[in-house]
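> fold the following and give me the result.
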Amino acid sequence: MNTFVIKSVRFGEGRPKLCVPLCAADTDRLMEALAAARKGSFDLVEWRADYFRDAGDTDAVLKALAALRRALPDKPILFTFRTEGEGGVCAMPEDAYGYLAMRAAETGLADLVDLELAAGARQRDAVLRAAHEAGARVILSHHNFTRTYPAEEIVEILTTMSHTNADAVKIALMPKTRADVLALMSAAVAMREVRPLIAISMGTLGQITRICAEFIGSILTFGAAGLGSAPGQLDAAALYSLLEQLHAAG
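Sure, this is the predicted structure:
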């Protein structure tokens, strides 16, 4: 239940997998971002479609996704449109957000699709159905770029997400104190055996959660190769090396 395999990448086994976000305004820049990622080591990429200039044009988004798939046939692709309310850079009506996620899922071009918990049950069910029919996985996510909740509330949110058919759950919160970082870590450790988990404390204070992802039970973490997609993302090449070293050390 807590492991799955995509293109020979075994999520939930071994060291946490390193995901490099690709943030680009058009397809040409998307290919440039991919080229930058390829200068280092990574396990998968996340295409942040909310950075795409034509994000409101579903056909244009899917065309760019197809180009990314052709350029990267052997590694997993995570498709993400992050809404403004959860730290994204492009406004999109709720129905359009759900439709875009569903279309990206059903094409089979993306191996994983990020879906925000706030999208609601109807959209969640549609995206999950489309993704699973296409052989893709869904990461159900929740982000708060302003605060961190108490550990008990974080566990409640993760428990709610774990009661769905999502393949993995993700929570990313902004800390104001070291105690906030520890609250996130404590909740992650408590939930690590329940469902494949991604737990991130953002910003400089939270960088430790990206480094010690394996300790708290995260199946993957994010590192930047160029433009990062969230505060506190470390250089991908350096982070990859650290994850390897920590895993080897046990």
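> which residues of the chain fall in helices?
27-37, 58-71, 94-106, 121-133, 151-162, 178-191, 207-211, 213-216, 236-249 (DSSP state H).
> mind checking which of these is nearest Ile6?
helix 121-133 (12.1 Å; C-beta to C-beta). C-beta here means a position set from N, CA and C on the backbone, and glycine is covered the same way.
> ok, now how distant is the residue lying closest to Phe11 once chain neighbours are set aside from Arg122?
In this structure, Phe11 finds its nearest non-sequential neighbour in Ile219, 4.8 Å apart by C-beta to C-beta, 6 or more residues apart in numbering. Computed as C-beta to C-beta, to the nearest Å, the Ile219 to Arg122 distance reads 27 Å.
> more neighbours: the two, which one.
Ile219 (26 against 10; other C-beta atoms under 10 Å).
> hang on, the more buried one packs against Gly14?
No: counting by C-beta atoms under 8 Å, Ile219 sits too far from Gly14 to count as a contact (9.9 Å).
> which regions of the protein lie under the pLDDT threshold?
Counting by pLDDT under 70, the low-confidence segments of the chain come to 1, 227-232.
> again, only using 90
1-3, 91, 94-95, 119-123, 192-195, 224-235, 249-250 (pLDDT under 90).
> now do the contacts for the residue nearest to Phe11.
Listed by C-beta atoms under 8 Å, 6 or more residues apart in numbering, the contact partners of Ile219 are 11-12, 16-17, 168, 196-198.
> show me what the longest strand belonging to the chain is in contact with.
Criterion DSSP state E: the longest strand present in the chain is strand 137-144. Residues outside strand 137-144 that contact it (C-beta under 8 Å, 6+ apart): 4, 6, 78, 82, 86-87, 105, 111-118, 124, 127-128, 131-132, 157, 161, 164-174, 198.
> run the chain-centre distance for that strand.
Using C-alpha atoms, centre = their mean, to the nearest Å, the mean C-alpha position of strand 137-144 is found 7 Å from that of the whole chain.
> okay, now the sheet partners of that strand, with direction.
strand 112-116 (parallel), strand 168-173 (parallel) (DSSP bridges).
> count of residues packed around the closest residue to Phe79 other than its chain neighbours?
Ranked by C-beta to C-beta, 6+ apart and with sequence neighbours excluded, the top spatial neighbour of Phe79 is Ala110, at 3.7 Å. By other C-beta under 10 Å, 27 other residues sit near Ala110.
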